[in-house]
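# below are the sequence and a predicted model for it; my questions follow.
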Amino acid sequence: MAETPPPPDVVRSAYAQLAVTDLDAARWFWVEMLGFHVQCQTKDSLYLRGTDELTHHSLVLRRGDIAALDHIAYRVRTPQDVDRAETYFRALGCQARRIPGGRGTRGIGDAVRVVDPLGFPVEFFYEIEHAERLIQRYDLRRGAEIARLDHFNICTPDIPAAYTYYKGLGFGCSETIEGDEHELYAAWMYRKQTVHDVAFTGGAGPRLHHLGLATHESHQVLRTADLFGAVHAEHHIERGPGRHGVSNAFYVYLRDPDGHRVEIYTSDYYTGDPDHETYRWNIHDDRRRDFWGNAVIESWYKDASPVLDLDGVPRPVTDTILDESADATRVGADGLG
Ligand SMILES: O=C1C=CC(S(=O)(=O)O)=CC1(O)O
Ligand SMILES: [Ca+2]
Ligand SMILES: [Fe+2]
């Protein structure tokens, strides 16, 4: 059997492109309320970045007929890693499409877009335009004062397959939720030296569960909830504020006008040592999802955004095990249906 070529050297989760059905409503939510900086806008798209982000964008909102994930994107370490990504995914038998700089997402150079083994549309790029440093432009801060994109959370029915695939991409595993027999319910995996760049929530997939956005302080998480309450938009608050067991982050989850879920997240921890050990939560530990034992609202387990294929067509979802040869059992999100 032919040797799998080396994977690209992924640096971090870098940006997501969401299709939204009402760009003005999305602007209110993501710019006015969350405080993203508008780096660039066209009549159909907004290119957004957080206060700490020094590159063109970490979120693109584009007008679309349906609310969906257009793609997630990982930055790689060198231009040669874009070539490696193309070779790697073709060797895995995945659809891969090269997108020369200037023909893809504004601000991004040469890239490759793939449908990964879990069915997700994923872009790998190196070149991205640098942007003005706003880190200390406190005069421009607004709303939740989003600092940066932190992670993607994806819904997939086969958590062991997701773990194996991302391990193959060189991701470490910071935390898991496991059953009494160590069946894998969820995993948090990283390339940058924090808890995760990507996490897996059990359920029908491929679907986007949420985008995780980092703020610097827990008071900004609380202020986010207060801001939505203040303008009688509390229905956008789905879960929290609270303290996570997994990651130890302070959090609140919101739903945007299209239902896309976003987490405002702060104060996780360093994972950069070469012998960093995975912390394993038991599925019966009620502190795992919320350290104070608060219940997780059902919609958090059930709802997620559809994803598009490389031609913008919604991808079918499945809730069966992707790897028929595996003896893994589909466990669902924390054992729910
Ligand atoms: O970022 C996260 C960190 C922890 C959790 S959990 O609810 O504690 O499992 C969920 C999450 O994946 O959104
Ligand atoms: Ca609510
Ligand atoms: Fe998250």
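Thanks, I have it. Numbers count the residues shown, from 1 in each chain. Ligands and ions are numbered 1, 2, ... in the order given.

# surely Leu118 and Arg207 touch.
No: with contact defined as Cβ atoms under 8 Å, Leu118 does not count as touching Arg207 (10.4 Å). The way it works is simple: take the backbone N, C-alpha and C, and place the C-beta from them, glycine included.

# list the residues that contact both of these two?
Ile154 (Cβ atoms under 8 Å, 6 or more residues apart in numbering).

# in the stretch 1-150 of the chain, which residue sits nearest ligand 1?
Residue nearest to ligand 1 within the stretch 1-150 of the chain (Cβ to the nearest ligand atom): Asp150, separated by 7.6 Å.

# what about the helices in this protein?
For the chain, the helices defined by DSSP state H occupy 23-27, 79-91, 159-168, 218-230, 298-302.

# please export the C-alpha coordinates of the third one as CSV.
Read that as helix 159-168. Extracted in CSV, the C-alpha atoms of helix 159-168 (Å, rounded to 0.1, in the frame of the first residue of the first chain):
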residue,chain,number,x,y,z
ILE,A,159,-15.5,10.8,16.9
PRO,A,160,-12.8,8.1,16.7
ALA,A,161,-12.5,8.7,13.0
ALA,A,162,-12.3,12.4,13.5
TYR,A,163,-9.6,11.9,16.2
THR,A,164,-7.6,9.6,13.9
TYR,A,165,-7.8,12.0,11.0
TYR,A,166,-6.7,15.0,13.0
LYS,A,167,-3.9,13.0,14.7
GLY,A,168,-2.7,12.2,11.2
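
# and Met1, what's its pLDDT?
With respect to pLDDT, Met1 has a value of 70.

# burial measure for it, as a count.
3 (other Cβ atoms under 10 Å).

# that one and Val114, how far apart?
As for Met1, its distance to Val114 is 21 Å (criterion: Cβ to Cβ, to the nearest Å).

# before we move on, back to that, closest one to Val60 among the helices of the chain?
Nearest to Val60, of all the helices of the chain, is helix 23-27, at 11.0 Å by Cβ to Cβ.

# packing partners for the closest one?
Where contact means 3 or more Cβ pairs under 8 Å, 6 or more residues apart in numbering; DSSP states H and E, helix 23-27 is packed against strand 45-49, strand 59-63.

# what about 7 Å?
Packing partners of helix 23-27 (3 or more Cβ pairs under 7 Å, 6 or more residues apart in numbering; DSSP states H and E): strand 59-63.
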